[in-house]
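**Q** Sequence below, structure please.
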Amino acid sequence: MHIAARTSHLKESVIREMTRVALGCGAINLSQGFPDYDPPAEVMEAAAAAIRDGLNQYSMSWGLPLLRERLAERYTAMLGRDIDPDRHVVVTCGVTEAIACAFFAILDPGDEVIVLEPAHETYGPAAAMVGASIVPVVLEAPAFRVDGAALEAAVTPRTRAILVNTPHNPTGRVFDAEELDALTELAVRHDLVVVTDEIYDEILYDGRLHRAPGAVEALRERTITIGGLGKTFAMTGWRLGYAISPDALAIPVRSAHDFLTICAPTPLQAAGAAALALPPAYFEQMRAEYHERRALFCTALDDIGMANQWPEGAYYVMADYRAIRDDLDDLAFARWLTTEVGVACVPGRVFYTDGLRGANLVRFAYAKKPQTLLDAAARLRSALERA
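**A** Okay, here's the model as predicted:
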């Protein structure tokens, strides 16, 4: 039978495959980026109350009014321009759908979008679904900084957009003002749309502040700002994302969402509005706990000899595994570590178009209870002793 070209080369997610392997062998799952603890109690109660109170049918396609109003208030402050909840905001089924909506809105078959690598494995398939392709620009280890010259070299007559992820998964980088200047200069000079993935914008370390590209004056009318509630509030399975679009792009993005998924889950949107109303103390405590998790797990990696750069944001760390085994490639090591040692991770090749660049690297997600991380560290130490 005929298979559409847009999907014929796609493969299942390796990240989610590693979760399935972990479940099958009882490994501690540090592969897929979800917490092993619950959302705030008041947010869970808000979801239950919404179900009991009858919010069980379709919502308005763009999202529940209260949730859009709270997102508009938040992003008016963050982006420095008036965000209209009825024009600029659309609530989606997670960040993945929001990125797909953005690509449907701005890319035609044959178009190209620049992506900074290492990058999440969903970006390439999202482009392929609309007949476009990604052009990778590699952030070179160990600093993983944006290189303006490398960006410029990636531009072709078919380039239409650049996708920016900050705080960055999988490296944990938080792009600074100089890097944003390089991105801005490129986008303006080549008339590109900037699509941002900012789902980790509240998970920052060492006093860092999130810099939203859409807040830059020159980018305000050419940036689709994408975020979600799953990471900040430990509710990744609720699939609550959103896109904030300028006037020229708002209707195409919303229309794509309308016909892709109709609406995000209605009662969970009500709970998302409750989450955004939590006091500043919640976010301060959340960041403090992530500082503790980062220190616990990255210190353990340092002690084992698994070279890594402590993240500046998000909750992932890329580590060189050769201190444990240097006779396996990254895919084989990840499977061995999961099935034989009992700690699941993601092979580094997943995050690069050229898989060789992920050699000797694996990614761990440390959004876990302290005891989970202690247990994982103990298993990693045992693997070093066995090696």
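
**Q** what's around the residue lying closest to residue 252 once chain neighbours are set aside, how many residues?
**A** Take residue 252 and drop its neighbours on the chain: the residue closest to it by Cβ to Cβ, 6 or more residues apart in numbering is residue 105, 3.6 Å away. C-beta here means a position set from N, CA and C on the backbone, and glycine is covered the same way. Residue 105 has 23 neighbouring residues, counting by other Cβ atoms under 10 Å.

**Q** tell me the phi and psi of residue 206?
**A** phi 60, psi 40 (degrees, to the nearest 10).

**Q** that older thread, please save the CA atoms from the stretch of helix or strand the residue nearest to residue 252 belongs to in PDB.
**A** Secondary structure assigned from DSSP states H and E places residue 105 in helix 94-106. C-alpha atoms of helix 94-106 as PDB (Å, rounded to 0.1, in the frame of the first residue of the first chain):
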ATOM      1  CA  GLY A  94       0.800  20.200  24.800                       C
ATOM      2  CA  VAL A  95       3.800  22.000  23.400                       C
ATOM      3  CA  THR A  96       4.200  19.400  20.700                       C
ATOM      4  CA  GLU A  97       0.900  20.300  19.200                       C
ATOM      5  CA  ALA A  98       1.600  24.000  19.500                       C
ATOM      6  CA  ILE A  99       4.800  23.600  17.500                       C
ATOM      7  CA  ALA A 100       2.900  21.600  14.900                       C
ATOM      8  CA  CYS A 101       0.300  24.400  14.700                       C
ATOM      9  CA  ALA A 102       3.100  27.000  14.200                       C
ATOM     10  CA  PHE A 103       4.700  24.900  11.400                       C
ATOM     11  CA  PHE A 104       1.300  24.400   9.700                       C
ATOM     12  CA  ALA A 105       0.800  28.100   9.800                       C
ATOM     13  CA  ILE A 106       4.100  29.300   8.400                       C
END
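
**Q** just checking, next helix/strand downstream of it?
**A** The element immediately downstream of helix 94-106 (helix or strand, assigned by DSSP H and E) is strand 112-117.

**Q** Contacts for that following strand, please.
**A** Residues outside strand 112-117 that contact it (Cβ atoms under 8 Å, 6 or more residues apart in numbering) are 103, 107, 123-124, 127, 132-139, 146, 151, 154-156, 158-165, 168, 192, 195, 351-353, 357.

**Q** contacting residues for residue 35?
**A** Neighbouring residues of residue 35 by Cβ under 8 Å, 6+ apart: 234, 236, 367, 368.

**Q** can you do 6 Å?
**A** 234, 367 (Cβ atoms under 6 Å, 6 or more residues apart in numbering).

**Q** start at 47 instead
**A** With 47 as the first residue, the last one maps to residue 81.

**Q** helix/strand/coil for it?
**A** Residue 81 falls in the coil class when you classify it by DSSP: H, G, I helix; E, B strand; the rest coil.

**Q** how near is it to residue 270?
**A** Between residue 81 and residue 270 the computed distance is 27 Å (Cβ to Cβ, to the nearest Å).

**Q** cool, and residue 276?
**A** To residue 270, residue 276 is 19 Å away according to Cβ to Cβ.

**Q** Among those two, which residue is more densely surrounded?
**A** Shown here are residue 276 and residue 270; by other Cβ under 10 Å, residue 270 has more neighbours (27 against 22).

**Q** next one: phi and psi at the more buried one?
**A** Note on residue 270: backbone dihedrals following degrees, to the nearest 10 are phi -100, psi 110.
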